[in-house]
Each structure stands twice: as structure tokens, then as C-alpha cells.
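Asker: Below are the sequence and a predicted model for it; my questions follow.
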Amino acid sequence: MERLTDLTVTQFTDILASDAPAPGGGSVAALFGACGASLAVMTANLTVGKKKYAEHWDNAESAKTIGMPLVEQFLKAIDDDTLAFNRLFEAMHLPKETDEQKAARRAAMEEATKEAANMPFHTLTLCERAVSVLEQLRDRINPNCASDFGVGATAVTTAARGAWLNICINLQSLSDEAFVNDLYARAKAIYDDVSARAEALYRAIDVQCRPVCNQIGG
């Protein structure tokens, strides 16, 4: 199967807009995460080598070292999320003529749904790490790319929201209450944390950029 990450943007969005059940929101959440982490690395790259910001070079290099592997992990999650859904889709179409087949189908669907919930949870944990990279760079980057930084924070927020929704919709289909309660609690804690921290980063950039807009608006 061709990897989604090997497609052009147009090819990806064409598939996304089609009636195919996957890729869907989970893969898009991971894509937003990759974009957010990439923008964090971009701001670091636009800081390193500029003499005016020499005091921030080491910090920016450190952020790049952490950020680029995150981009790769987010990209991998784009395909992994779709693969997880495809396995669930296959389980849903197992035969269910006999009691034995029905039981096997239920068990297969339960396991596939757990995987489908765990995948966006992984994306959510990557969002937590991406926010940390952005926080590391806050107020220590070339200010000319402040808006890029803000978009990065927004992208990570969107990724976290998308991952959260996909976790929740899969958890509601499970019968394993212990699994549901555990994953929900862990996901909710990370989601709330990421949302608050990313929002704070965005607001800081909004305050920084708004005076320029106010001047334009008179």
C-alpha cells in the first residue's frame, strides 16, 4: 500500500474528500502535528546563524534536535492511524453467521478498536512534546517569524483536539471498562495540559503581533 506521506498534497486531499472512510480525522490530526512541529523547527532555523540572536543559537539548535524527530513521528502517525482504522474496518466485516463467528468478530472488533483509540493517544503524546519544544523557543527566536511560531502553536492545538475526538469516539464503542477509564483519564490530563499551554503560546504571539495590526487599522 502506498504511504499517505508519499502522496502530493493534492492527491492526499482528493482522497480525504472522497467517500473513502480513511484517511480521516485521525490522520489529519497527525498531519497538523507534523506541521506544528515543523514550524517550530523553522523558527529555530531562522534564528541560528543570525548574529543579532547569537545568544539564542544554542537553545535553537537544541530545539531543532528535539523537533525534527517529532516531525518524523507525526508523519508516521498519519499512516499508522489509517492502518489502525483499516484493521477495525476489516474486523467489522468478519462473518457473523454462527455464534462462534459472532464471538470471534466481537473479540476482533474490541481489539481493533483499542488499537484505533491508542493511535490518536500516541498522537496526543507527541503534541505534548511539541508544545514543550515551542515553549523552549518562546521569546528566544527571530521575532520576524513570530507569526510562524503562532501558527505552529495553533497547529499543535488542532492536532491535540483532533486526537482527543478520535480517542473519545473509539472509547465509546468498547466494553472493557478498565481500559476505557484508564485511557480516558490519561488522555484527558494530557489534552487539558496541551490545550492550556498551546493557548498561552498563541496568546503571547497574538499580543506581540496585534500592535502592528492596530497601526494598519488606524
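Answerer: Ah, there it is. In this text, all values refer to a predicted model and were calculated from it rather than measured experimentally.
Asker: mind checking how far the residue nearest to Pro143 when sequence neighbours are not counted is from Ala91?
Answerer: Nearest residue to Pro143, sequence neighbours excluded (CB to CB, 6 or more residues apart in numbering): Gln208, at 7.5 Å. Every residue, glycine included, has its C-beta placed from N, CA and C. Noted for Gln208: a distance of 49 Å to Ala91, by CB to CB, to the nearest Å.
Asker: Looking at the two, which is more packed in?
Answerer: Ala91 (20 against 15; other CB atoms under 10 Å).
Asker: For that one, give its distance to Ala112.
Answerer: 4 Å.
Asker: cool, Asp80 as well?
Answerer: 13 Å.
Asker: Return the distance of the helix of greatest length in the chain from the chain's centre.
Answerer: Criterion DSSP state H: the longest helix present in the chain is helix 177-217. Chain-centre distance of helix 177-217: 13 Å, with CA atoms, centre = their mean, to the nearest Å.
Asker: quick revisit: the residue nearest to Pro143 and Ala146 touch, don't they?
Answerer: Yes: judged on CB atoms under 8 Å, Gln208 makes contact with Ala146 at a distance of 5.4 Å.
Asker: for the residue nearest to Val156 when sequence neighbours are not counted, what are its contacts?
Answerer: Of all residues beyond its chain neighbours, the one nearest Val156 is Gly36 (3.7 Å), with distances taken as CB to CB, 6+ apart. By CB atoms under 8 Å, 6 or more residues apart in numbering, Gly36 lies in contact with 127, 130, 134, 151-156, 158-159.
Asker: Name the SS class of Phe89, please.
Answerer: helix (DSSP: H, G, I helix; E, B strand; the rest coil).
Asker: So which elements touch the lowest-mean-pLDDT helix or strand in the chain?
Answerer: When each helix and strand of the chain is scored by mean pLDDT, DSSP states H and E, helix 177-217 comes last, with a mean of 90. Applying 3 or more CB pairs under 8 Å, 6 or more residues apart in numbering; DSSP states H and E, we find helix 177-217 packed against helix 99-137, helix 146-171.
Asker: Highest mean neighbour count out of these?
Answerer: Comparing these by mean neighbour count (mean count of other CB atoms under 10 Å), helix 146-171 ranks first with a mean of 23.
Asker: got the phi/psi numbers for Asp176?
Answerer: phi -80, psi 90 (degrees, to the nearest 10).
Asker: The closest residue to it other than its chain neighbours: what's it in contact with?
Answerer: In space, and not counting its chain neighbours, Asp176 is closest to Glu110: 6.7 Å by CB to CB, 6+ apart. Glu110 makes contacts with 174-176, as judged by CB under 8 Å, 6+ apart.
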